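Undergrad: Kindly generate the corresponding structure for this input.
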Amino acid sequence: MKAYELLSDERKWCQKNSAVDVDGGGVDINSPQAVAWGLNGTLWRCYACDYHRADARARYDAAYRLVVDALRAEGRGTYCGVSAWNDHPSRTYAEVVGLLKRLDI
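TA: Predicted coordinates for the structure are as follows:
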């Protein structure tokens, strides 16, 4: 599954946590209770569910690098990282999903 597919509607995106349950409480990205994910949690969920496997680490690292490089190229910087960009108070769901779709990840 691609990251933008996981975030198929705005209710599946969150800020300030990698993943949340229906009550908005933070949960593990792979928890059955997870109903929404932040950008980094989405990348983890889609590309590194089993991070101990080398191929999963490589997929996650590649997706993360694409996001970082795209943000830098757009002049948005990532001095605080992908999660900080996702969590900025003015960030919108449309911006996050738009970025993922442009990158096709």
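Undergrad: Longest helix in this structure, please.
TA: Counting by DSSP state H, the longest helix found in the chain is helix 54-73.
Undergrad: Show me which positions of that one end up buried.
TA: 59-60, 63-64, 66-67, 70-71 (16 or more other C-beta atoms under 10 Å). No exception for glycine: its C-beta is placed from N, CA and C like everyone else's.
Undergrad: Pull the residues that contact the helix or strand just after it.
TA: Counting by DSSP states H and E, the element after helix 54-73 in chain order, helix or strand, is helix 82-87. Residues from elsewhere that reach helix 82-87 (C-beta atoms under 8 Å, 6 or more residues apart in numbering): 15-16, 18, 38-40, 43, 64, 67-68, 71, 76, 78, 91, 96.
Undergrad: what's the answer for stretch 93-102, then?
TA: 2-4, 7, 10, 13, 39, 42, 67, 70-71, 86.
Undergrad: Mind doing that once more with 10 Å?
TA: With C-beta atoms under 10 Å, 6 or more residues apart in numbering as the test, stretch 93-102 has contacts from 2-15, 38-39, 42-43, 46, 63, 66-67, 70-71, 74, 76, 85-86, 88, 92, 105.
Undergrad: try stretch 61-68
TA: 2-3, 39-40, 42-44, 46-48, 77-78, 81-82, 85-86, 96, 99-100, 102-105.
Undergrad: and what of stretch 43-59?
TA: Contacts of stretch 43-59 (C-beta under 10 Å, 6+ apart): 1-7, 18-19, 28-30, 34, 37-38, 60-64, 66-67, 82-83, 100, 105.
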